[in-house]
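Asks: sequence and predicted structure are below.
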Amino acid sequence: MKITDIECRVLLVPDLRQDITSSAQDDIVVLVHTDEGITGIGESDVNPWMARACIEAPGTHTMGLGLKEMLIGENPVDTERLWEKLYVGSCMNGRRGAVIHAMGAIDMALWDIRGKAAGVPCYQLMGESPRTAIQPYASLQPNGESYEEYKASLVEWVLRAKELGFHAAKLEVTLSGPYNHSGLDEPDEKVTETVAACRAAVGGDFTLMVDVQYAWPDADTALRTLRDWEELDIYFIETPLPVDDLEGMARLAAESPVDTAAGEWLSTRHEFADLLDRGGVHVAQPDVGRVGGITEALRVCDMAAERGRRIVPHCWKTGIGIAASAHLAAVTPHCPFIEFLPAELTDSQLRQHLVQEDLQIVDGEVRVPDQPGLGIELDMDALRRFEQD
Ligand SMILES: [Mg+2]
């Protein structure tokens, strides 16, 4: 089998708002075509025009080759060798960041082809004794024009998540910090007040995580709030500090009563080595697309296992990324949850419509797709509706 073409489709929701913090408003969908009529589907969480440029730009020398050019004519099922070829060939421009995120969408599509060609779901090719059901957590970021409104809608959403069958949810509580553009600027006591209100609403028998989106400038500031959370039974605090403050993360890992989680923006196992070893993070959160695809995400899972840490993949995208996370989790026993934007509790039309069938929650779990490949079908009408030039 040979790769004949790679198509990059740039998608945006029609109601895009540049002033909010949600990457579920855009998508790059990569379709890898073959001479045997099998097409692989992948996506990545990265500015889609940037990713398209990373894939389609022609190369100019041996250390700066184009991703697409390197793949035409190659055998798509040779995923590890192709990852290495792309990484080495793009090294002067890539190694980290957007080029790796773009490679992640391609790698996901190649795994989809591998599964489809073999007639088995991807997870069967990814590891030993896979689980067939995994636990998603509902990722919740409602709207609100004032603090009281935001707190009330978060309480309402976490209760709805419980009604929908989830046993776990993550609260996005960004009331200050560099990525808070809500107009709210509240003292840290309000973060605790919001988390406590959600805990009181759902009761004790429900897992709650909290994401403050890099809100606190340093470990001391974070600890002032986190030390009040012991009673609230929070599973992890996500991205409490600026992304490159690994010394601060190490202090939190040692001193915070709440476990630390981070890694959503990172690319490659090399960045995760820093986060795990210097930052001491308890829960590593690779995004399957951004980290460099399924091939690289599996390596990060192995690294976490060697160090006795957990994996909870980041996914703020569509059913494509959710399926990739589900297959990854199936072969990763130290992955207790995957991130999941409930279609009923998100504004993202891409999340709601791009993939035909959504995974169904039963008793807090979803079944890993068991059709060949990633096990997803795109709604091509929706794709055309969201597509940009
Ligand atoms: Mg996050």
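Replies: Sure thing, it's come through.
Asks: is it true that K116 touches P372?
Replies: Yes: counting by Cβ atoms under 8 Å, K116 does reach P372; the two are 4.7 Å apart. (Glycine included, C-beta is placed from N, CA and C.)
Asks: got the residues of this protein near the ion?
Replies: Proximity of the chain to the ion, by Cβ under 5 Å from the ion, involves residues D211, E264.
Asks: quick one, strands of the chain?
Replies: Under the criterion DSSP state E, the chain contains strands at 3-12, 26-34, 39-44, 133-134, 136-140, 168-172, 207-211, 234-238, 260-262, 283-284, 310-311, 338-340, 366-367.
Asks: need the pLDDT of the residue in the stretch 251-389 of the chain that the ion sits nearest to.
Replies: Nearest residue of the stretch 251-389 of the chain to the ion, counting by Cβ to the ion: E264, 5.0 Å away. Predicted confidence (pLDDT) for E264: 98.
Asks: then G183?
Replies: Note for G183: predicted pLDDT of 77.
Asks: just give the closest residue to it, not the sequence neighbours.
Replies: E145 (7.6 Å; Cβ to Cβ, 6 or more residues apart in numbering).
Asks: who's the residue of the stretch 1-150 of the chain found nearest the ion bridged to?
Replies: Nearest to the ion, among the residues of the stretch 1-150 of the chain, is S139, at 8.1 Å (Cβ to the ion). Beta-bridge partners of S139, counted by DSSP bridges, are K170.
Asks: list the contacts for it?
Replies: By Cβ atoms under 8 Å, 6 or more residues apart in numbering, the contact set of S139 is A169, K170, E172, W316, E339, F340, L341, P342.
Asks: could you do S182 as well?
Replies: Applying Cβ under 8 Å, 6+ apart, we find S182 in contact with I20, G144, Y150, T174, L175.
Asks: now do the phi/psi pair for it.
Replies: Phi and psi for S182, reported as degrees, to the nearest 10, are phi -80, psi -10.
Asks: that one and A222, how far apart?
Replies: S182 is 20 Å from A222, where distance means Cβ to Cβ, to the nearest Å.
Asks: so what's the residue of the chain found nearest the ion bridging to?
Replies: Nearest residue of the chain to the ion, counting by Cβ to the ion: D211, 4.4 Å away. Listed by DSSP bridges, the beta-bridge partners for D211 are E172, E238.
Asks: thinking again about what came up before, what about the residue nearest to G183, how many residues close to it?
Replies: Other residues near E145 number 10, with proximity taken as other Cβ atoms under 10 Å.
Asks: which helix runs longest in this structure?
Replies: helix 97-118 (DSSP state H).
Asks: and the angle for that one with strand 3-12?
Replies: In terms of direction (axes from the mean of the first three to the mean of the last three Cα atoms, to 10 degrees), helix 97-118 departs from strand 3-12 by 120 degrees.
Asks: just the CA trace of helix 97-118, in CSV.
Replies: Extracted in CSV, the C-alpha atoms of helix 97-118 (Å, rounded to 0.1, in the frame of the first residue of the first chain):
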residue,chain,number,x,y,z
GLY,A,97,5.7,22.9,18.7
ALA,A,98,3.5,23.3,15.6
VAL,A,99,5.4,20.9,13.3
ILE,A,100,5.1,18.1,15.9
HIS,A,101,1.4,19.0,16.5
ALA,A,102,0.9,18.7,12.7
MET,A,103,2.8,15.4,12.6
GLY,A,104,0.4,14.2,15.3
ALA,A,105,-2.6,14.6,13.0
ILE,A,106,-0.8,12.7,10.3
ASP,A,107,0.3,9.9,12.7
MET,A,108,-3.2,9.5,14.0
ALA,A,109,-4.4,9.1,10.4
LEU,A,110,-1.7,6.5,9.7
TRP,A,111,-2.8,4.5,12.7
ASP,A,112,-6.4,4.7,11.4
ILE,A,113,-5.1,3.2,8.1
ARG,A,114,-3.2,0.5,9.9
GLY,A,115,-6.3,-0.6,11.8
LYS,A,116,-8.5,-0.4,8.7
ALA,A,117,-6.0,-2.4,6.6
ALA,A,118,-5.7,-5.1,9.3
